[in-house]
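> build me a model:
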Amino acid sequence: MSNFQTSPQRHANMAAIKSKDTKPEMVVRKWLWSHGYRYRLNHPRLPGKPDIVMRKYRACIFVNGCFWHGHEGCKYYTVPKTNTEFWVNKVKRNKERDLKVQHELAAMGWHSITIWECELKPVKREDTLESLAYTLNKIFLQDRTVKQYEIPEEEPMMAAEDVPTAYKNKVT
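From the prediction side, this is the model:
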């Protein structure tokens, strides 16, 4: 496809791209709300200001654009033919930042879920959102189950076994 835009036109197009309330994000938000999941948006006190924060599940949902976050193997991620070095570095920085944010959230006890723009196309949308619901429910159940803790014994003691004391194995 030929590029018919001048540099100022291209700049204006790129500057108009939003980072909040994008169409893929709105699809996820509407589906979550209609299925009874409640959330907060862009929580400023969490690293990376996640797109959707679900405190009940301690989960952060990031809705990533395939181009901007470098979704490998996706037809929507192609490196532009002009200013290639800039775009490769930009996507690389975005990937590094995403990974750093996920590690910080994990250290704080939060689960990170990434949904890619291409997974929200009409063909895959329902499967992706059902998978999201399954993941959220699994997180909820996993975090709230009672964990059985066992204290490992070095050597199990017999019920009628003599217990050594400080007086050279004499039982008093």
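
> show me where the protein has helices.
Under the criterion DSSP state H, helices of the chain are mapped to 7-15, 23-34, 66-69, 84-107, 125-144.

> could you tell me the least trusted of those helices?
Averaged per stretch, pLDDT over the helices of the chain is lowest on helix 7-15, reaching a mean of 77.

> what's the local residue count around Asn13?
10 (other Cβ atoms under 10 Å). Backbone N, C-alpha and C define where each C-beta goes, glycine included.

> actually Tyr76, not the one I wrote
12.

> how much space between it and Cys66?
Using Cβ to Cβ, to the nearest Å, one gets 4 Å for the distance from Tyr76 to Cys66.

> what do those two both touch?
Glu117, Cys118 (Cβ atoms under 8 Å, 6 or more residues apart in numbering).

> the nearest residue to Ile115 once chain neighbours are set aside: what's it in contact with?
Nearest non-adjacent residue to Ile115, counting by Cβ to Cβ, 6 or more residues apart in numbering: Val63, 5.1 Å away. For Val63, the contact set (Cβ under 8 Å, 6+ apart) comprises Thr22, Pro24, Glu25, Val28, Asp51, Ile52, Ile115, Glu117, Leu120.
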